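Colleague: just coords:
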């Protein structure tokens, strides 16, 4: 079974040379730390920066330079700042190659819910709806089950949707799955996790074809 | 009767303190020379400059700094350059206070034709259609009649339209006219021009109420 | 050629050409704000928010406001200050997760809330600035966001029709500005600010540095002064950091 | 706080992060251009046109092109060079008054021409860049331009529905650029160029100065590199002036 860092490490393998990548808040943010060193990748943050770098050294924080999680950041040489309309031109116009974000629920047809629990949690969708409606390559990073132990990979989402039929791949603490026309296709098992463990934790249709390899991290 | 410079001088009186003004090609360009010296006015050119100044001194022309007529220009301190989308945000978004342009025909309900003579002249509308569709304050600068002596102030335009019901005021070599619901209302006569001269040169409905004063230039 | 249509500017002092947008202070800048108006506010989180205008709105205690802003501040800063005094009737935002008082007022029904996608928020501002009354976007199709809105397929993909905002005042924070209203923003404090200039009937800008004309490079102006009605130097900027994240020096 | 989710970039040489968009020359930059494609060209008149890409298109003599450009050059420069060789099947422009050969080909029916309002041209480029499939504009309502298009009233005023362009290549001229594709334009040579970046499947940029990353101020980049696929230093820029207007020295 993977921890959050493990999920980030596995997703980092999906980041290819020449990709512009938008990272959501939480586990996705960690992905930046594990991208291969021999490829060129730029991180976009929807509040208006391309070419994000690491957090600043203590004492060098600048209130005017933050990421979408409102964290103080730095930029790398070659970075650019821009306004929100241009930022979403990048996203809506499909100039961003890969979007990695968290989810509360994913359905077997690729619907995603991650912005609202009616009557309880109403933080808002932020940029997530724009991202999932436009991105051609969306990977969800999340735990396979919620705190109560219920599956987050469902036949259909019970929570208000963020987007429909958009998720392509899911990396959880238990598995890597592809969203296909027929449901969640199991691609890889996390170290020490059996196919049966994954079956038990998956409420939506799970497709198991042949031998399922263990992830290499 | 006014010459082109006279028309420009009369229109310059319509330019008020605090106005952003877009000047069309031809007579309108001349207006800049006659604006009162004690007011603040900025000239916008739709190819992407606000705060246009005079032509450059000989030898100081820059191919990268031109106006919408493709003429080399200079800028004044406080000027700005911007892209075409932003330029038309200014125009379409009604941030420009006054538009002065030429016309081939104007109808008594304020339609304007100035971009095409079918089968003959097909230069294109440039920014004129955006300007006339959005500007709240449009003044047409033109000769009262065409080269053949026919009126350019008509019941309805015979040429393809640039915009409908948009012209508010017309300054010609003969008169100043306001476009009202009932037609062209005569406001002023050019020096030495009689009301009868104007009537003869106007094909659309001309409204003459009371004594028509002579222009002060 | 030496054109007959020469732009001569006979004898005119060219500096007098630019239209001066300066007002003396925040009080003058907010002249005309009233109960029940609609405002747009620049800023993302607490970065690039118009602190001085917000403080003045708190002081005036006008009520019944509709506020368009990506976020709603935190409990004790930014738009949270207006929420504390119950000045806001309705919020139009994309993300409000940092504000407990906001969540409380929303869940209790005291506060009307319209949550919309962040890109749609930016584009609806830009549309208002640009005289585009409506546009299609894929964001929100198949979700609560499309309810009551026209949807339509373009190139085989469904989109939602969204409209330009219609606001009374826009409150903007820029880094530098000149007296003609030309603006330059810094870093990610830029965010929604440029898109909101000219998106309301009156655009009020507070700057850290107010310069004479000619100090800003005309090639490097983010927002030309034509989109700005009033500009003033902010008396005080706290520039609070919401999530101070750093890395240790090695 | 020192976050557990720290962006560490362990050991990585940070310069290797930026995505390099440089190609060796104009020939490599135009790899893949073919007969019957649709292109967008930056420039207003002869100012800010992609001279080097146009010269290469002339050299390759590909035919049947649909060209989206505000103007059509003059008889012996700019897109006029493509017209001379009959390479253009269709022009989409707003103003073509400077080109006799253009007018001749159009009136004789050899050349298909779609004249559209200049602001609509700019906005249709920007829409393609921004993933907005369609938008409403008042320009052209009640004229030939609205023929065959949906019209609709917003706020009591009629508008026309216009669509984003769909082009294969965009040819752009910038002043300075860095190897990551970040661009800065100069003066009114900016014009349509920034709006056309990212508006076609492949955006090709020629610059006067090609810089290493880090040379451009990140606050002052007009177009971020994400909108650019290929960038090269133009071998030659004539920068011809169309209307040389000057004033006498006193």
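Modeller: Structure received. Bear in mind the structure is a predicted one, so any value in this text is a computation, not a measurement.
Colleague: in chain C, which helix has the most residues?
Modeller: helix C:118-130 (DSSP state H).
Colleague: Tell me how far it lies from the chain's centre.
Modeller: With C-alpha atoms, centre = their mean, to the nearest Å as the basis, helix C:118-130 stands 10 Å off its chain's centre.
Colleague: now the angle from it to helix D:118-130?
Modeller: Put simply, helix C:118-130 runs at 170 degrees to helix D:118-130, going by axes from the mean of the first three to the mean of the last three C-alpha atoms, to 10 degrees.
Colleague: what about the least confident helix or strand in chain C by mean pLDDT, distance to the chain center?
Modeller: Within chain C, confidence by mean pLDDT, DSSP states H and E is lowest for helix C:100-108 among all helices and strands, at a mean of 87. Relative to its parent chain, helix C:100-108 has a centroid offset of 23 Å by C-alpha atoms, centre = their mean.
Colleague: And residue A:90, how far from chain D?
Modeller: Residue A:90 sits 5 Å away from chain D, going by C-beta to the nearest C-beta, to the nearest Å. All C-beta spots, glycine's among them, are computed from the backbone N, C-alpha and C.
Colleague: and that residue, what does it touch?
Modeller: By C-beta atoms under 8 Å, 6 or more residues apart in numbering or on different chains, the residues touching residue A:90 are A:20, A:44, A:50, A:96, D:198, D:224, D:226, D:227.
Colleague: which one is the spatially most central residue of chain C nearest to, not counting chain neighbours?
Modeller: With distances taken as C-alpha atoms, centre = their mean, residue C:42 lies nearest the centre of chain C, 3.1 Å away. Take residue C:42 and drop its neighbours on the chain: the residue closest to it by C-beta to C-beta, 6 or more residues apart in numbering or on different chains is residue C:193, 3.5 Å away.
Colleague: Quick check on that neighbour: phi, psi?
Modeller: Main-chain torsions, residue C:193, degrees, to the nearest 10: phi -50, psi -50.
Colleague: Now do the same for it: its pLDDT.
Modeller: Turning to residue C:193, the model gives it a pLDDT of 98.
Colleague: same thing with residue A:8?
Modeller: Listed pLDDT for residue A:8 reads 96.
Colleague: Tell me how far residue C:159 lies from residue A:200.
Modeller: For residue C:159, the distance to residue A:200 equals 40 Å [C-beta to C-beta, to the nearest Å].
Colleague: Who has more neighbours out of those two?
Modeller: For residue C:159 and residue A:200, the more surrounded residue by other C-beta atoms under 10 Å in any protein chain shown is residue C:159, and the numbers stand at 25 against 14.
Colleague: so where does the more buried one fall, helix or strand?
Modeller: Assessed by DSSP states H and E, residue C:159 sits inside strand C:157-163.
Colleague: That strand and chain D in contact?
Modeller: Yes: applying C-beta under 8 Å from any C-beta of the partner chain, one finds strand C:157-163 touching chain D at C:157, C:159, C:163.
Colleague: related to what we said a few turns ago, show the pLDDT at the residue nearest to the centre of chain C.
Modeller: Looking at residue C:42, its pLDDT is 98.
Colleague: and what of residue C:28?
Modeller: On the pLDDT scale, residue C:28 is placed at 98.
Colleague: To which secondary structure element type does it belong?
Modeller: Of the three states, residue C:28 takes helix under DSSP: H, G, I helix; E, B strand; the rest coil.
Colleague: What is the nearest of the residues of strand C:157-163 next to chain D to chain D?
Modeller: residue C:159 (6.0 Å; C-beta to the nearest C-beta).
Colleague: surely the closest one meets residue C:146?
Modeller: No: using C-beta atoms under 8 Å, residue C:159 is not in contact with residue C:146; the gap is 9.4 Å.
Colleague: Okay, the residue nearest to residue A:204 when sequence neighbours are not counted and chain C: tell me how far apart.
Modeller: Leaving aside its chain neighbours, residue A:204 sits nearest to residue A:108 (3.6 Å; criterion: C-beta to C-beta, 6+ apart). Per C-beta to the nearest C-beta, residue A:108 is found 16 Å from chain C.
Colleague: Can you give me the buried ones in the helix or strand harbouring residue C:205?
Modeller: Assigned by DSSP H and E, residue C:205 belongs to strand C:200-211. By neighbour count on 16 or more other C-beta atoms under 10 Å in any protein chain shown, the buried set for strand C:200-211 is C:200, C:202, C:203, C:204, C:205, C:206, C:207, C:208, C:210, C:211.
Colleague: Parallel or antiparallel, list what pairs with that strand.
Modeller: strand C:167-178 (parallel), strand C:230-233 (parallel) (DSSP bridges).
Colleague: Report the rounded mean pLDDT for that strand.
Modeller: 98.
Colleague: Show me the contact partners of that strand.
Modeller: Under C-beta under 8 Å, 6+ apart, the answer for strand C:200-211 is C:22, C:26, C:29-30, C:32, C:38-40, C:50-53, C:128, C:165, C:167-179, C:181, C:183, C:196-197, C:227-234, C:237.
Colleague: Could you rerun that using 6 Å?
Modeller: With contact meaning C-beta atoms under 6 Å, 6 or more residues apart in numbering or on different chains, strand C:200-211 is reached by C:29, C:40, C:50, C:52, C:167-178, C:197, C:228-234.
Colleague: Touching, residue C:134 and residue C:163? I think so.
Modeller: Yes: contact criterion C-beta atoms under 6 Å: residue C:134 and residue C:163 qualify, at 4.8 Å.
Colleague: if I pick residue A:106, what's in contact with it?
Modeller: A:112, A:140, A:153, A:167, A:170.
Colleague: Now the buried members of these.
Modeller: For the contacts of residue A:106, buried by 16+ other C-beta under 10 Å: A:112, A:140, A:153, A:167, A:170.
Colleague: So which of those sit within strands?
Modeller: Taking DSSP state E, the ones among the buried ones among the contacts of residue A:106 that sit in strands are A:112, A:140, A:153, A:170.
Colleague: And the pLDDT at the last one?
Modeller: Going back to what we said before, that points to residue A:170. pLDDT for residue A:170: 98.
Colleague: Could you double-check that it lies in contact with residue A:139?
Modeller: No: contact criterion C-beta under 6 Å: residue A:170 and residue A:139 do not qualify, at 7.2 Å.
Colleague: Give me the neighbour count for residue 86.
Modeller: This is for chain A. Neighbours around residue A:86, by other C-beta under 10 Å: 28.
Colleague: um, chain C though
Modeller: Neighbour number of residue C:86 under other C-beta under 10 Å is 14.
Colleague: With residue C:163 instead?
Modeller: Around residue C:163 there are 16 residues (other C-beta under 10 Å).
Colleague: The helix or strand residue A:44 falls within pairs with which strands, parallel or anti?
Modeller: Using DSSP H and E, residue A:44 falls within strand A:41-45. Using DSSP bridges, strand A:41-45 pairs in its sheet with strand A:19-23 (parallel), strand A:49-52 (antiparallel).
Colleague: Identify the residues contacting the longest one?
Modeller: I take that to be strand A:19-23. A:29, A:31, A:41, A:42, A:43, A:44, A:96, A:97, A:98, A:99, A:100, D:226.
Colleague: Check which element follows it along the chain.
Modeller: Downstream of strand A:19-23, the first helix or strand assigned by DSSP H and E is helix A:27-31.
Colleague: now the contacts of strand C:200-211: which count as buried?
Modeller: C:29, C:40, C:50, C:52, C:167-178, C:197, C:228-234.
Colleague: As JSON lines, the strands paired with strand A:41-45 with distance to residue B:190, mean neighbour count and mean pLDDT would be great.
Modeller: Below are these laid out as JSON lines (distance: least, C-beta to C-beta, whole Å; neighbours: other C-beta atoms under 10 Å in any protein chain shown; pLDDT from 0 to 100):
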{"stretch": "strand A:19-23", "distance to residue B:190": "62", "mean neighbour count": "23", "mean pLDDT": "96"}
{"stretch": "strand A:49-52", "distance to residue B:190": "59", "mean neighbour count": "28", "mean pLDDT": "96"}
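Colleague: circling back: check contacts around the residue nearest to residue A:204.
Modeller: Residues near residue A:108 by C-beta under 6 Å, 6+ apart: A:155, A:183, A:184, A:204, A:205.
Colleague: can you map out the helices along chain C?
Modeller: With DSSP H, the ranges of helices along chain C come out as C:26-29, C:51-60, C:80-84, C:100-108, C:118-130, C:193-196.
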